[in-house]
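Q: Provide a 3D model corresponding to the input given below.
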Amino acid sequence: MREGLRSLARGIPAAVRRDYVVSTVVHWLTLASGLLLFHLVAGRAGPAGFAYYQVARGVVATLQPFALLGLVPALHRYLPRAGHRARALARQSFLVQLVVMDLIGLLGLVVADDLGRLLGIPGGAHSVRAVVALATGNCLCVVAVAALRGCGQVGAANLAWLLGLGLLPIAAFALTDRMELFLALQGIAMILVALAGIAVAGRPTGDTSPAPSLRTVILFGLRRAPGDIALPALFSFPTFYAAAAAGPGDPDAGYVGFVTSAITLICALFAMLTPVLLPRLSGTFHTSGVGAELGRGLKTLPVVAAALTIPLTGLLFLAAPPIVHNFLGLEFTDAVHALRLGVLAAIPFAVFYAARPTLDALAETPIVSRLLLGCLLLQILVTYGLGHLLPPTTAALAGLTTAALALGALSYVALVHVLPAPRLKPA
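A: As a prediction, the model looks like this:
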């Protein structure tokens with residue numbers, strides 16, 4: 001273990017470690033901005049306005065994995081290999097995303113009234129258009145940030161992320177009291193940040209080696225898009241199941257949602273490994289292959305992630321009663337059992353997040369996507385199977401934990417498989 005840590009430290013440059021720390025801090029700041037907006041919207045808009053805001057955020061979160069076409073990991077992987085064509089390839093990919101969002105926007109305009117009634121959004125078509133603007137800005141901003149990271153411009157990527165998803169939404173809230181205008185302003189601000197980001201993406205380089213084509217990038221992304229859809233579904237399915245199984249007004253769904261949010265916050269520590277490591281690893285593997293030291297270090301990384309997660313989950317497990325009572329209230333005592341039952345799933349999820357950048361950098365086949373889809377199916381089967389024997393909360397969290405254990409174990413096995421075996425020194 002100690003030797004693996006030394007290999008990991010030697011194999012990954014100090015600049016990468018610095019980029020990871022800064023990127024993680026920026027990620028946490030944007031999460032804090034989102035939590036602050038929840039508080040601000042609830043205080044200003046009341047229950048109805050808060051519900052509209054939650055629906056809008058939910059629509060964006062649901063639509064985004066479908067709309068992005070897997071372009072984020074594709075740009076992370078192929079832009080470091082594009083050499084002098086990195087700028088052109090980044091802009092071509094951005095145009096593809098822009099066309100996709102235009103089509104989605106036109107569809108949203110056509111069915112705005114019906115969609116508003118379906119989702120229960122007050123304000124009719126105007127409110128739906130605001131949600132479409134928010135979704136468009138969010139997706140374009142995400143692609144622009146991915147292009148900047150793929151081109152090695154980590155500072156610009158972090159700045160665009162912090163502005164587009166952290167600071168400008170708060171500024172938009174301060175500019176207007178109208179909810180639909182607030183959402184539209186967020187979308188417009190993110191579109192402007194995305195345009196500025198893609199305009200500066202790509203550095204001049206003397207590398208004239210053959211570059212991947214746009215078709216290669218899109219096909220790589222499309223093959224991984226199902227995994228990008230399945231990953232958030234792993235976290236959202238338990239809440240939906242508990243809500244449906246327990247019935248209207250039952251608090252079980254809230255308890256399950258609280259637990260999955262806690263797991264997400266813990267795993268946020270490792271979620272930034274992919275955007276930081278994948279571009280660097282892809283460029284390194286493409287030019288010089290996988291050295292023995294780096295290979296040992298990358299095998300150790302998931303173990304380190306698990307070791308760091310164990311004390312965090314242990315603390316949450318032991319301190320569950322005061323955490324629940326102080327954060328939610330004394331009447332939420334039943335959430336203590338749910339938190340203790342589900343939070344241990346964070347450990348195998350951390351293993352997955354630590355193995356993912358290497359799998360995406362080395363494997364041509366969509367290993368990660370297949371693992372996520374398979375584990376989602378496992379989760380659904382286990383949850384519904386246990387649902388006949390156990391309460392909804394227990395069945396939902398047991399299904400999540402089972403899927404997480406399978407995902408963590410299989411991703412590590414896949415990591416060991418894709419990394420080249422160390423060469424034996426001749427006698």
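
Q: So which residue is smack in the middle of the chain?
A: residue 271 (6.8 Å; CA atoms, centre = their mean).

Q: pLDDT wise, what is that residue at?
A: If you check residue 271, the pLDDT there is 85.

Q: now residue 206
A: pLDDT at residue 206 comes out at 60.

Q: Please name every helix or strand in contact with the longest helix anywhere in the chain.
A: Using DSSP state H, we find that the single longest helix of the chain is helix 14-67. On a contact count with 3 or more CB pairs under 8 Å, 6 or more residues apart in numbering; DSSP states H and E, helix 14-67 meets helix 86-110, helix 125-150, helix 154-162, helix 168-175, helix 179-200, helix 214-246, helix 252-271, helix 273-288. Every C-beta, even on glycine, is put in place using the N, C-alpha and C of the backbone.

Q: Any stretches of the chain with poor pLDDT?
A: Counting by pLDDT under 70, the ranges of the chain that qualify are 1-12, 47-48, 50-51, 112-125, 204-209, 246-250, 288-290, 328, 421-427.

Q: now the nearest residue to residue 147 once chain neighbours are set aside: how far from residue 418?
A: Leaving aside its sequence neighbours, residue 147 sits nearest to residue 90 (CB to CB, 6 or more residues apart in numbering; 3.9 Å). Applying CB to CB, to the nearest Å, the value for residue 90 to residue 418 is 26 Å.

Q: Then residue 150?
A: Applying CB to CB to residue 150 and residue 418 gives a distance of 21 Å.

Q: Between these two, which has more neighbouring residues?
A: Neighbours were counted for residue 150 and for residue 418 using other CB atoms under 10 Å; residue 150 has more, 32 against 18.

Q: right, and that one touches residue 80 too?
A: Yes: counting by CB atoms under 8 Å, residue 150 does reach residue 80; the two are 6.2 Å apart.

Q: before we move on, the earlier item: could you pull up the residues touching the residue nearest to the centre of the chain?
A: 27, 353 (CB atoms under 8 Å, 6 or more residues apart in numbering).

Q: Swap in 6 Å and give it another go.
A: Residue 271 makes contact with residue 353 under the criterion CB atoms under 6 Å, 6 or more residues apart in numbering.

Q: cool, the one 5 residues further on as well?
A: The neighbourhood of residue 276, defined by CB under 6 Å, 6+ apart, consists of 19, 20, 23.

Q: number of nearby residues for the closest residue to the last one other than its chain neighbours?
A: Pointing back at residue 23 there. Closest residue to residue 23 apart from its sequence neighbours, by CB to CB, 6+ apart: residue 272 at 4.7 Å. Other residues near residue 272 come to 20 when the count uses other CB under 10 Å.

Q: try residue 15
A: Neighbours around residue 15, by other CB under 10 Å: 11.

Q: do the same with the one 4 residues further on
A: Neighbour count of residue 19, defined by other CB under 10 Å: 23.

Q: Go ahead and confirm it touches residue 156.
A: No: here residue 19 does not reach residue 156: they are 11.8 Å apart, not a contact under CB atoms under 6 Å.

Q: now the longest helix of the chain against helix 168-175, angle please.
A: Relative orientation of helix 14-67 versus helix 168-175 (axes from the mean of the first three to the mean of the last three CA atoms, to 10 degrees): 60 degrees.

Q: Run the chain-centre distance for the following helix or strand past helix 14-67.
A: Downstream of helix 14-67, the first helix or strand assigned by DSSP states H and E is helix 71-78. Computed by CA atoms, centre = their mean, to the nearest Å, the chain-centroid distance of helix 71-78 equals 14 Å.

Q: If you compare the directions of helix 71-78 and helix 14-67, what angle comes out?
A: Interaxial angle, helix 71-78 versus helix 14-67 (the same axes, to 10 degrees): 140 degrees.

Q: Helix 71-78 vs helix 273-288, what angle?
A: On the basis of the same axes, to 10 degrees, helix 71-78 is oriented at 30 degrees to helix 273-288.

Q: in helix 71-78, what's buried?
A: Buried residues in helix 71-78, defined by neighbour count with 16 or more other CB atoms under 10 Å: 71, 72, 73, 74, 75, 76, 77, 78.

Q: and the gap between the fourth one and residue 418?
A: Shown here: residue 74 relative to residue 418, a distance of 18 Å by CB to CB.

Q: ok, back up a step: with the contacts of residue 276 in mind, which one is nearest to residue 344?
A: residue 20 (25.1 Å; CB to CB).

Q: now the closest one, nearest residue through space, not along the chain?
A: residue 276 (4.6 Å).

Q: Also residue 70?
A: residue 221 (3.1 Å).

Q: Which pair of the buried residues of helix 71-78 spans the longest distance?
A: 72 and 78 (11.5 Å).
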